[in-house]
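J.: need a 3D model of the following:
(chains A and B)
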Amino acid sequence: MAQRAVWLISHEPGTPLCGTVRFSRRYPTVEKRARVFNGASYVPIPEDGPFLKALLFELRLLDDDKDFVESRDSCSRINKTSIYGLLIGGEELWPVVAFLKNDIIYACVPLVEQTLSPRPPLISVSGVSQGFEFLFGIQDFLYSGQKNDSELNTKLSQLPDLLLQACPFGTLLDANLKNSLDNTNFASVTQPQKQPAWKTGTYKGKPQVSISITEKVKSMQYDKQGIADTWQVVGTVTCKCDLEGIMPNVTISLNLPTNGSPLQDILVHPCVTSLDSAILTSSSIDAMDDSAFSGPYKFPLTPPLESFNLCYYTSQVPVPPILGFYQLKEEEVQLRITINLKLHESVKNNFEFCEAHIPFYNRGPITHLEYKTSFGQLEVFREKSLLIWIIGQKFPKSMEISLSGTVTFGAKSHEKQPFDPICIGETAYLKLHFRILDYTLTGCYADQHSVQVFASGKPKISAYRKLISSDYYIWNSKAPAPVTYGSLLL
Amino acid sequence: MEYPAQLWPDVSAAEVAATSLLDTLVLLPPRPSALRRPLLLAATTALAAGGSLGPTSGASCRLLPLLLGLAAGSDLGRGFVPASEQRPLQATACECLRELESCKPGLLGGSLGLLRGLLGQEGPVQPLSLLLALALRNTLVLQSRVGAGLGGLLTDKVPPTGGGPWDWTLVEEGDGRLQPQAPSWPAAEEGEGERSLTAREHSPEEARELRAAVIQLLDTSYLLTPVAQAQLLWLLGWALRGLQGQPPALFKPQLVRLLGTAQLTLLHAVLALKAAFGEALFTAQDEALLLRRLTLAAQHPALPPPTHLFYLHCLLSFPENWPLGPEGEEAAPLLLGPQLCRGLLPSLLHDPMALLARLHLLCLLCAEDEEEEKGQLPSPRHYLEELLAGLRQRAALDEGPRALATVCFQASYLVTRCLAGQPTVLTPLIHGLAQLYRVRPMLASHFVDFLDQVDSELREPLKVVLRQEVVSRPGRDEALCWHLKMLAKVADGDAQSATLNFLQAAAAHCTNWDLQQGLLRVCRALLRAGVRGGLVDLLQVLARQLEDPDGRDHARLYYILLAHLAGPKLGVALGPSLAPPALASSLVAENQGFVAALMVQEAPALVRLSVGSHGVKGPLPVLKLQPEALEPIYSLELRFRVEGQLYAPLEAVHVPCLCPGRPARPLLLPLQPRCPAPARLDVHALYTTSTGLTCHAHLPPLFVNFADLFLPFPKPPGGAGLGFFEELWDSCLPEGAESRVWCPLGPQGLEGLVSHHLEPFVVVAQPPTSYYVAIHLPPNSKLLLRLEAALADGVPVALRTDDWAVLPLAGDYLRGLAAAL
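T.: Below is the predicted model:
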């Protein structure tokens, strides 16, 4: 369950080493156990330098992929998880849990409590999931609310102290590093008994509960025979419960209007104490029918102090909020494009913003553009070969808008115009970006009656909702487009 | 602290460090200090990592009571712990104890009752729970190994032994060896059979207490952080696995709560319980539910990609109640049908790792429905084909990064591995790859690697189409170097003329060293494949025409090899080098290959020689050798060298063939002594192995004994008799030497001794008491023996020789006879 070492590495393409170790921590008592457990197959934790080099090579983050290198490019070297074996000094260090996120590589080496030869199945190594959770915890800490480099540096400098709290000997005590931060900040005087380990103190003040529901909608629209358009809603419910008492019991319910789309694939926060079996079993894997559970979705819980993600869900709404149609044809030296977008009448026509990005990959800069649009303005990014159609806050009364035109391109220069392995020839897409406040596609909402608190004093309830687009693609219907297996189901 | 080997190079240094850390701790003023916690952690680390933790270590004997006192929240006197710091330090002490227990399992076996009591009161829940669970797990494992029960360990607040609450004896029983902590995954447990938990039986009372302790731990587990909950479940799962009378149903109340979460650690811990208890904890319906939750977690958009991949891995390694396939191999669980997998199938939009993981699942699905069910679902095989075509299209992109090609070949490889023997999949794959090569020959390295990795089922047909792809195109474009690389891999005895035509045409365009080497590599491949006819002409042309002298030399060398070596030898000569190249240069590697094949190799001896009984025919002593081969060897030549030049140089002995198990004729080695003395023969063997290599080996030396040189005197015309012997006897003096030796006799008496050793040399015999023996020692010495008046235990021997140097040898020989009988 323990970790032998952990690293944070910033990925810096273009520099000689392509990266720098920003933080590393080794756990000597765990290492001592590793030596005994692994026996003859023991491989010691390397120094930072060789580790950095081997990891970047394995993750294909070194700049040199010009030549075929068998130890990296061989067809039989297949990695299907974020867990690697690193060749260092002729020996293979395994398992190394590692992933890249926001230009930082998070890596750790879990202790395997038996011999490594033969390799035990990955699923039997308890340290692997602990390692992932450790790295996710660090990632959350580094990126929660932080936007610039100096903030990142400050947080990195706090890490040694935090890990002394959260992971003093290599066995993780709490993946939520913010708890440890609070722990170091105030030495709580006398904590009463049965204090949950994930709650470092108690709240004093006016009781209030805030619930915010964010739905992201993604879609793949092809406008083609034999290929179904797909769309899906993914919801995240975030709560902050400021309630007095050590362990206030709260029940939060999410409701749907009568014509709402049932929530599925619900994953809850560990603080939820019990779960209705209808919630547990409602799943997008099954074919939908009218008998699907449509709430209210009740979550009894004892909330932590900080803001937390109460649950995630998905939902299959009957229609996509915006139905698109995109045609692109190559006509000698120019491309002719036609776009139609139609907002569904049931959707709230009041956007925070709405725009369509129309990129042209694997071509030169835009040299000439003629267009006609029924609504909104068009911005042209010539060097990036990108058009942005700014639709604004509202669709017109007809709910339907269109754009058509011709685009001409100059000679390709590799540095500036983007390469894309999918958009070859006439294969192309446009991507919608929009946000609607105080609205959910499923209809899911929380209100004054959604929160039951079994403690003195009625809390003030605030509820928020928003809908955001994410991966909302409309493909050129005149060319082949990448499909998922799901789109073949008609 | 991160580098204990540097900080504390030996145990005593660690002990000193821990002691001084503890001294500092005691000196802290009685007010809150940020130092106490780090000091405790540091002292623990020093003891555990420095290796000095033990009953004889002074620092250990100070730290352990201190930690246990702190953990128990007891008053340590003199305001040692300020009240405000007591609780945090209580937790820290538990963490330290947990680390020590991890490093020395069984250490806290005597404190189980105490810890349980603390957990029931108001101790900090998480540190105490984890400490208790770990100590309980370790104790159960250790006790079961020695066949003991828990006794009153769980209830006794005061430790049973007088030595303190830490149980060094239990640690000793652990043999100082750490026990795997993971609740053993069935597949991971192989070879650990002895720990197959020999039916740990506990008395009803013990079982009740144990159950109560586990329930106590589980009931408060929701107060732990998710990662700590997972640790607790792994520990308890391992502790209860195989315990009789402990129904795993104890875990049931926790499961629904755990299944609802998205926490990786928690679902992983549930899987561990599933693996540990199987049907006893998860009914078929539970299993189906777990599988569904796992399936949905593996694709849930709210979870990060590394989590998806790990869940996907868990799905393919899912611990089923009734697994059908072989253990340890990834397979889709039975309950995971195409309907469930729908959302887990790959598409071109996935990143390479997700794509390959999902592709694996798709392949498994395709392998399953071989009969191609005609349901409403689109055919997975058709989808697979489309996907592979898409991948090849991306790999064919001119500007595409290498990673796109790599993933295409990885996917193809995965498909061939999972769907071997399915022509409906492999045939389009082969043609698709050939087409990819046509469009982008610069992927030749990937093709060569791919051909190296796949089975012959795919390799042979793919080679054929790729060769056609290459030779059907006149070679003068910039892709020539790739074509040559490809051809060096795929050229063989088939389609010779097309290949040679291509090469002839290409030769004119091979203007630089690289291309010429590429061309020669193809020639070499053809040589190996046994192509002779047209190749001779081509090599001759190349040897004349190539611009580069190195290229010409190589062509000439190949030509000479082709002209002079027989087929099999040529194959070996050009085969892969046996010796690892000293330099990464291909030329060096190639030369080493030649060296290996054409020169004599030093090798361990594959042949054994033993000296057989010696014959006494003829005018010279002859050594009879019995050869024995360990592997088939051919053209064996044995060379002998006499140490000290005591004999004339020996002729080599030749054996055409030796096979193990087949008796070989003895080899006769005539000796020509220059003086009558025993000698040591140095033996070397030179032979050819069945792979065509010529080897040289040094065999153990052979010894020629004194008696091996004995020859009888030629019979005089008047017949040998007493007169003949007396004549010889008298002729020895005065130049020679005379002696008397006591020759001990064994139970067979004098008669037995003579008949066994001296029979051929007896001139006059009066059995059983008297024998006159005359021995000719080449080149021209004699040894005469009179054995007379034997007693029960020995016989006095009068001996004469004309060569005084023989005397000591003869004495030794006679004295040794009895022993040799």
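J.: tell me if the host helix or strand of B:Glu209 is near chain A.
T.: When secondary structure is defined using DSSP states H and E, the element that contains B:Glu209 is helix B:204-219. No. When contact is scored as CB under 8 Å from any CB of the partner chain, no part of helix B:204-219 falls within range of chain A; the minimum is 11.2 Å. To be clear about C-beta, it is placed using only N, CA and C from the backbone, and glycine gets the same treatment.
J.: SS state for the closest residue to B:Ala298 other than its chain neighbours?
T.: Counting by CB to CB, 6 or more residues apart in numbering or on different chains, the nearest residue to B:Ala298 once its immediate chain neighbours are dropped is B:Tyr311, at 3.8 Å. Using DSSP: H, G, I helix; E, B strand; the rest coil as the criterion, the local structure at B:Tyr311 reads helix.
J.: buried residues in the helix holding B:Glu209?
T.: When burial is assessed from 16 or more other CB atoms under 10 Å in any protein chain shown, helix B:204-219 yields the following buried residues: B:206-207, B:209-211, B:213-214, B:217-218.
J.: tell me where chain B has strands.
T.: Defined through DSSP state E, the strands belonging to chain B, from first to last, are B:601-602, B:607-611, B:622-629, B:633-642, B:653-658, B:667-670, B:679-689, B:694-704, B:711-712, B:737-744, B:762-766, B:770-777, B:781-787, B:794-801.
J.: please save the CA atoms from the fourth one in PDB.
T.: Read that as strand B:633-642. What follows is strand B:633-642, C-alpha atoms only, in PDB (Å, rounded to 0.1, in the frame of the first residue of the first chain):
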ATOM      1  CA  ILE B 633      29.600 -33.800 -33.100                       C
ATOM      2  CA  TYR B 634      31.300 -34.300 -36.400                       C
ATOM      3  CA  SER B 635      34.900 -34.500 -37.800                       C
ATOM      4  CA  LEU B 636      36.300 -34.800 -34.300                       C
ATOM      5  CA  GLU B 637      40.100 -34.500 -34.200                       C
ATOM      6  CA  LEU B 638      41.800 -35.300 -30.900                       C
ATOM      7  CA  ARG B 639      45.200 -33.800 -30.400                       C
ATOM      8  CA  PHE B 640      47.600 -35.000 -27.700                       C
ATOM      9  CA  ARG B 641      50.700 -33.500 -26.300                       C
ATOM     10  CA  VAL B 642      53.000 -35.300 -23.900                       C
END
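J.: what helices or strands is that strand leaning on?
T.: For strand B:633-642, the contact count by 3 or more CB pairs under 8 Å, 6 or more residues apart in numbering or on different chains; DSSP states H and E identifies strand B:607-611, strand B:622-629, strand B:653-658, strand B:679-689 as packing neighbours.
J.: tell me the SS of A:Trp231?
T.: Local secondary structure at A:Trp231 is given as strand here, using three-state DSSP.
J.: let me see the contact set for it.
T.: Taking CB atoms under 8 Å, 6 or more residues apart in numbering or on different chains as the definition of contact, the neighbours of A:Trp231 are A:217-221, A:317, A:320.
J.: so B:Leu466 versus B:Pro441, what's the distance?
T.: To B:Pro441, B:Leu466 is 10 Å away according to CB to CB, to the nearest Å.
J.: joint contacts of the two?
T.: B:Met486.
J.: can you map out the helices along the stretch 51-200 of chain B?
T.: Taking DSSP state H, counting those that start in this stretch as the criterion, the stretch 51-200 of chain B carries its helices at B:58-71, B:83-103, B:112-120, B:125-145, B:168-173.
J.: please produce a markdown table containing those helices, extended by mean pLDDT, mean neighbour count and distance to B:Leu224.
T.: Below are the helices of the stretch 51-200 of chain B laid out as a markdown table (pLDDT from 0 to 100; neighbours: other CB atoms under 10 Å in any protein chain shown; distance: least, CB to CB, whole Å):
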| stretch | mean pLDDT | mean neighbour count | distance to B:Leu224 |
| --- | --- | --- | --- |
| helix B:58-71 | 90 | 20 | 17 |
| helix B:83-103 | 88 | 22 | 12 |
| helix B:112-120 | 87 | 21 | 12 |
| helix B:125-145 | 88 | 24 | 5 |
| helix B:168-173 | 66 | 18 | 26 |
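J.: can you tell me which of the buried residues of helix B:204-219 comes closest to A:Asp286?
T.: Distance ranking of the buried residues of helix B:204-219 against A:Asp286, using CB to CB, places B:Leu218 first at 31.7 Å.
J.: what residue of chain A is the furthest out?
T.: A:Glu332 (41.1 Å; CA atoms, centre = their mean).
J.: give me phi/psi at that residue?
T.: With angles defined as degrees, to the nearest 10, A:Glu332 shows backbone torsions of phi 50, psi -110.
J.: also A:Val237?
T.: Here the main-chain torsion angles of A:Val237 (degrees, to the nearest 10) amount to phi -110, psi 120.
J.: same deal with the one 10 residues further on?
T.: According to degrees, to the nearest 10, the main-chain angles of A:Met247 amount to phi -130, psi 70.
J.: now the one 3 residues further on
T.: Phi and psi for A:Val250, reported as degrees, to the nearest 10, are phi -130, psi 140.
J.: number of residues surrounding the closest residue to it other than its chain neighbours?
T.: Spatial nearest neighbour of A:Val250, chain neighbours left out: A:Val453 (5.3 Å); criterion: CB to CB, 6+ apart. By other CB atoms under 10 Å in any protein chain shown, 21 other residues sit near A:Val453.
J.: helices of the stretch 451-600 of chain B, start to end?
T.: For the stretch 451-600 of chain B, the helices defined by DSSP H, counting those that start in this stretch cover B:456-471, B:480-490, B:496-507, B:513-528, B:533-545, B:549-564, B:567-574, B:586-598.
J.: quick one: the ones you listed as CSV, columns for mean neighbour count and distance to chain A too.
T.: What follows is the helices of the stretch 451-600 of chain B, written out as CSV (neighbours: other CB atoms under 10 Å in any protein chain shown; distance: least, CB to the nearest CB, whole Å):
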stretch, mean neighbour count, distance to chain A
helix B:456-471, 19, 12
helix B:480-490, 23, 10
helix B:496-507, 18, 22
helix B:513-528, 21, 14
helix B:533-545, 17, 27
helix B:549-564, 17, 23
helix B:567-574, 17, 22
helix B:586-598, 16, 14
